[in-house]
Each structure stands twice: as C-alpha cells, then as structure tokens.
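Q: give me a 3D structure for the following:
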Amino acid sequence: MKSPHFGIRSIPYLFALITVSAYGLLLGQTGFYWDDWPFAWIAKFLGPQEFFRAFAGVRPFLEPIFFITTSLVPPNPVYWQVFALVIRFISGWSTWFALSQVWPNHKRQALIASLLFLVFPGYSQHWVAFTHINQEWIPFIFYLLSFGFTARALRDPNAFSKNTLIALLFTVAGVFPTEYFIGLEPVRFFFIWVIVAEEGGTFMIRMVKTLKRWGPYLLVWLANAAWLTYFYTVGSYDSYAVKVVKEPLSTLEITSVFTDALWKTGFYIWGQIVVLTAKSITTPSSLLTIGLIIIAFVFLLFYFKWLDLPTVNSKVFAVPALLLGITGILLGRIPSFAAGLPLTLQSSFDRFMISMMLAGCLFITGLIEFLIQDSRVKTIIAALLIALGIGQQFYNANIFRRDWEKQQEILWQLSWRVPGLQPNTVLITDELPLDYETDLSFTAPLNWMYTSKYTHADLPYGIIFSKIRLGSSLPALKRNIPINIGMRGASFNGSTSQALVIYMSKTGCLRIMDPAFGDQYTYAGLSQYLVDAIPLSDSSRILVDEDSTMGIPFLVEPEHQWCYYYTKSELARQKNGWEEVIRLMDEAKASGYKPDDPFEWLPYIEAQAQTGDVNAAEKMSTELLKHEKKLRPGLCQVWKRVQAQVRAGSAAASHIHNILFQFACE
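A: A predicted model of the protein is given here:
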C-alpha cells in the first residue's frame, strides 16, 4: 500500500486547520472585551470616521486601519471573532512567507517556526479581537510581509527595486501605526546578514554589504523613532507615560527585566499549559484541552512524517536563529519596558509578547536544531510544542468564554432590575467579577443598553469602580463630587449626587444597593469601597415602569433562572409590590431554583411579613440564621421595616418585637 504524502501546496490548508483548532472551536461563545466595547460603540453610534478624532492624541497612524476595518465589519462580536480568525491565519502565512524567503533551503525549519508563531502560547489576547486586530495584528502582518519582500529583493536581483519598494511601504505601514514594533527592525538586519553570508567574504565585507542593504529600512526606522520622540515628549501624546526615561533604573533592575523576558518567551511559555492544566486537571476545560493536545500531536506527527520537505541538519539555520531569537526577544521587550509596564502571563499584559513572538519562535526552533541531531526526535519535539500551543489557546478561549458569559449575566440582570435609567446617572461599585473589563470599557455597553441615539453631547451614563478610582477620578465618596469618565473621545460628566450603587458577587446576582433598605448595615461585611458608597445610591433614578427590552441586539437573553426572579423581585419590592415579590419567588422555588447567596432570600422574607404571613417569615428567618450568621444585620433591617408598618401596641407589634429580641436586633 502506497504511503500518503503531503506536498508544499498542503501547507496553507495546514495553517487553516491549526488556526481553527486553536482559535475557532469556541468562536460563537466569545464576544467583546476590554477596549472592544468602546471601539464597537464608536463604530455603531458615531461611525468609522470618528476614529480619526478618537486616535488623534494616542496613535494617529492607526486611524486609517480602524476606519477601513470598521467600514467593512459590523460592530457585532461574531463578525469580529471570524475576522480575527482570518487575520491570525494571514499572520501565520506571512511568517511562513518571510522565513522561507530568508532560509529557502531550510523550509522545514521555517515551517515549524511559523506554526509555533501561529499558536504562540505566551500571547492570550486573541479574543480581544476588535482591539488587537486593529492596534497590533494588521500592522504586524505588514511588518512580517516587509521582511519577506526584503529577502525576496536580495535573492532576485532582477526585481530588486520593485521588491525593495514594496518592502519599504510595508515597513512604513507596520512601524508607524503603533510603537509595539519599534524594537523589531534590527531583526531585519540579521535576516539580511543571513542572506549576505551566503555570498562569502570576510566579516567586514559582509558587514558593509549588510549595512548598505539595510540602509533604506534604517532610515524609515530612524524617522519613526524621531516621530515617536517628538510625539511622546513635545507633541500631543496622551496615553502611557515613558517612565524609564523619567525614572532611570539600575543595571540590576534592567538585567532582571530582560532576563525575565528571555526566560518566559524562550522557555517557560512552551510548557505553560502543562502547569495550568495540572492545577485543575479534573475540570472539563482541562480535560478537553488535554484531549485536543493529544489529537493535535498525533496528527502533526503523521503530517510531518509524510511531508515532502527535506530535513537539513545544518548549523546554517540553527546558529543565526538562536542569536536572532535572543536579540529579538530583548529588543521586543523595549517598548513595554519603556512604558514601565509588566510582562505578566495569562493577563492583559501578555499582549506585549506580540513584539517578541517571532524571535521567541526562532529561538526555540534554533535551539531544537542546534541541540538535537536525530530528525525523528526533532519532529516529535516540534509536533509536541505546536500541539501544546494549540491546547494553550483553546484553554485561553475557555477563559474568554466564561468572561463573556459573566458579562452577559451582568448586563441582562441590570436590564431586568433597571428597565430604565434617568440620564446623567453614574453607576458606582467597588469592582465587577470580570477579568478583562474595566469601568472605562464597561461604560460603553451601559450607554448602548439605555441610549438608542447619541450625538456629540456628553454620554448620559457612566460606571466607575471605587476600588481603583477613589482618590483620583473619584475624589471622594461624598455628595456633589463631580465625576468625569473619558471613553475614546466621548465622555461622561456627572456627580456623586446622581448615583446608583450596584453590587455583584462572583456567585450571586446583581443588586442595587439602597440606603432606604439599610443596605449599608446589611452588607457591612463587604468591601469598604462598596459600603461607603451606599449612602450615595438613589434608587429613584431607576425608571421602574420603562420597557426593559435589551438595547444591545447581539446579547441573547439567557434562560430565566434564579437571578431573573431575584432581580425582578427586587424591582417589585422597590414599587412596594409585595404580592408580586411572593409570586416571583414562589415561581422560582417551584422551578427548582434557589440562591447561592442566602442574602437573596431577604426580599422574600420581607414580602411574607409585609403581606401578613409573619409566622412563615419568622420561620424562614430562623432557619437561615442557623446556617449563616452574617445574615443577622440584614434580617434585623427587614424586621425593623416591618415593625415600622405595624400599629404600636397591637398584638402584631408585640410579636415582631419578640422576633427582634430573639434575633438580638436591639
């Protein structure tokens, strides 16, 4: 039986398959994150042309990219996740194009490095698609293509001028939109050196030739450096401060930063998924990740075995790849280091890995080539690393899937609890149980929900996290304190006297904190950043009789479980609809739902007591207090409000007085 084989024409299909395996399996269950929300809001309400104003003071050369992509892709997360999949495929293919031009006789090594680049496990931000496609990935693809056309120009003297011009144009398009890739240009010098070295000659002859051919690109690089220097220091730049320039670090600190970058990018990230899954080995996401790694590994072993690309055991690739990798990693850390930003894995900060990805993949591929002679062992290691990268990205996709689910829970529960909201209202909370969204980014969906039209006036709504803003943009938790929240060119201007305090725990439902219900006492054990804000909460800003239709069309309403009934009960309680509270809670219980947080029984207990079923309310209070002592302040507040509604001196008043005494409320 004839063995199957794969030719070079199969490589694009391989890239497509790996792209979908790593990034596409949970595509429909991921959404908008971080700055995606403000960007999508701008595209929806102000139009693509607004990005020219939004980026004027940050990264002005990004404006055309955002304008073009937002003109083509609607502000819906599914479309952007599909677009991200296409962009990642193109980035992998562009890397393959570039490296196979530099090392045409080492295509197998170039392919392995390109596949590692495609699934690079140190970068977890793929699903923040709207933001990173525009801000980094499209410029990065331009830069990668510029490397390929530089190599092609040097290898084809007859088309030198044409390919050089194309390479220069791609260089300009890659380096000017974002400062992320300011450290990448010396990588081109090494690529040129590799090609020039094939011509022979002394070291000095090769150096002169390399510098001469690098010259045009060096001029572009210096022009970009001059522009950044001006824009950061003299111009209108308004983003991260360049802390290193203002606060020089010691040699030891600098060495520590770059050693950390080399360790993480060159070594740790390739086995990171093993550490992560080992911490939660029995969870479904970890088991699915391990299964995907095994399947991918087996497939890649067979693919490489039958791939018609020769394996060349040569240090001609290994040594330059190692040196280039080390240098590129260190240079790629410079932009984020200059801004004083950390390189923290599995967080939004690992986006800074993007400028070190290419170098990291060349380093590990060169290391395999340098240390191992047996081609079969090389294949096994390469297949394993790529499979681990696929597993890592699937693991990351699950994190973003859960975050998107939690976002939708919060927004839908807010919609159920707050059907309408008076303009100029600010929502205050200590924080929300989300990994990738801040108050600044979450201001966008808040306005999207409650405002169908917008002009260039102030935003009608804002949200602010007291835990991170108190003392800065939220000077104090006192009345009549102005609040300003900026959102990419738009802004909210309000006051702490026009506030609604919200709270959502990791396991419970969204709640509106209300001093009229004594919530500052009921929830006294929570974060002081939240409790101290409760007296500012004005529930009259909720338009209780508005239509609660969700204003964001791509958010699909979840199944009505406990939190639906709870938030609707809270709304009914605000309107003194005690019978409606009981109806909703009874329906929830009959459907088999119950709260994870016992505090969420308080409206039901109060409704029972307010409608005359004091004995049932007392029984339920006693049972809950046996299991959760923290409920006492909340139960006391409930029974004090009930007491206030009872005629003094009556039998009911005496009964409630005894209940208050029994619960040690006096």
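
Q: my guess is Phe176 contacts Ala226. True?
A: No - with contact defined as CB atoms under 8 Å, Phe176 and Ala226 do not form a contacting pair (11.5 Å). Just so you know, the C-beta spots here come from the backbone N, C-alpha and C atoms, and that holds for glycine as well.

Q: what about the helices in the stretch 51-200 of the chain?
A: Residue ranges of the helices in the stretch 51-200 of the chain, as given by DSSP state H, counting those that start in this stretch, are 51-54, 63-72, 77-102, 107-118, 129-132, 138-155, 160-175, 185-197.

Q: okay, those in TSV with distance to Tyr503 and mean pLDDT next?
A: Output for the helices of the stretch 51-200 of the chain, formatted as TSV (distance: least, CB to CB, whole Å; pLDDT from 0 to 100):
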stretch	distance to Tyr503	mean pLDDT
helix 51-54	32	89
helix 63-72	35	96
helix 77-102	26	97
helix 107-118	42	97
helix 129-132	28	96
helix 138-155	40	97
helix 160-175	45	96
helix 185-197	49	94
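
Q: which of these sits closest to Ala653?
A: helix 77-102 (55.9 Å; CB to CB).

Q: what's the longest helix in the chain?
A: With secondary structure taken from DSSP state H, the chain has its longest helix at helix 375-417.

Q: show the subsequent helix or strand relative to that one.
A: strand 425-429 (DSSP states H and E).

Q: please work out the average pLDDT along that next one.
A: Mean pLDDT, computed over strand 425-429, is 96.

Q: tell me the helices and strands packed up against it.
A: strand 461-465, strand 490-495, strand 499-503 (3 or more CB pairs under 8 Å, 6 or more residues apart in numbering; DSSP states H and E).

Q: including mean neighbour count and mean pLDDT, could the ones you listed go into a markdown table?
A: As requested, these are exported to a markdown table (neighbours: other CB atoms under 10 Å; pLDDT from 0 to 100):
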| stretch | mean neighbour count | mean pLDDT |
| --- | --- | --- |
| strand 461-465 | 25 | 95 |
| strand 490-495 | 18 | 91 |
| strand 499-503 | 25 | 97 |
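
Q: quick one: closest of those strands to Leu301.
A: Using CB to CB, these put strand 461-465 closest to Leu301, at 48.4 Å.

Q: just checking, next helix/strand downstream of that closest one?
A: helix 466-469.

Q: quick one: average pLDDT of that following helix?
A: Mean predicted lDDT for helix 466-469 stands at 94.

Q: same question for stretch 292-311.
A: Computed over stretch 292-311, the average pLDDT equals 92.

Q: do stretch 366-373 as well
A: On average, stretch 366-373 scores 93.

Q: what residues of that stretch count as buried?
A: Gly366, Leu367, Ile368, Glu369, Ile372 (16 or more other CB atoms under 10 Å).

Q: and for stretch 73-91?
A: Here stretch 73-91 shows 73, 75-77, 80-85, 87-91 as buried, counting by 16+ other CB under 10 Å.

Q: return the per-residue confidence for Tyr230.
A: Note for Tyr230: predicted pLDDT of 82.

Q: right, I mislabeled it, should have said Thr282
A: Thr282 is given a pLDDT of 89.

Q: which residues touch stretch 508-518?
A: 409-410, 413-414, 417-418, 500-504, 519-520, 523, 530, 533-535, 537, 539, 542, 562-563, 566-567, 570, 574, 595-597, 599-600, 634, 637, 640-641 (CB atoms under 8 Å, 6 or more residues apart in numbering).

Q: just the buried ones from those, in PyMOL syntax?
A: Provided next is the PyMOL selection string for whichever of the contacts of stretch 508-518 are buried by 16+ other CB under 10 Å:
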select buried, resi 409+410+413+414+417+418+500+501+502+503+504+519+520+523+530+533+534+535+537+539+542+562+563+566+567+570+574+595+599+600+634+637
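
Q: can you give the domain ranges for this protein?
A: 8-402, 418-558, 559-666 (automatic domain parsing).

Q: quick one, what contacts the closest residue to Tyr395 other than its chain neighbours?
A: Nearest residue to Tyr395, sequence neighbours excluded (CB to CB, 6 or more residues apart in numbering): Thr289, at 4.7 Å. Thr289 makes contacts with Ile273, Thr277, Gly391, Phe394, Tyr395, Asn398, as judged by CB under 8 Å, 6+ apart.

Q: do you know how far the first one is from Pro139?
A: Using CB to CB, to the nearest Å, one gets 28 Å for the distance from Ile273 to Pro139.

Q: tell me the pLDDT at Ala241?
A: 51.

Q: the bottom helix or strand of this structure by mean pLDDT?
A: Lowest by mean pLDDT, DSSP states H and E among the helices and strands of the chain is helix 243-246, with a mean of 50.
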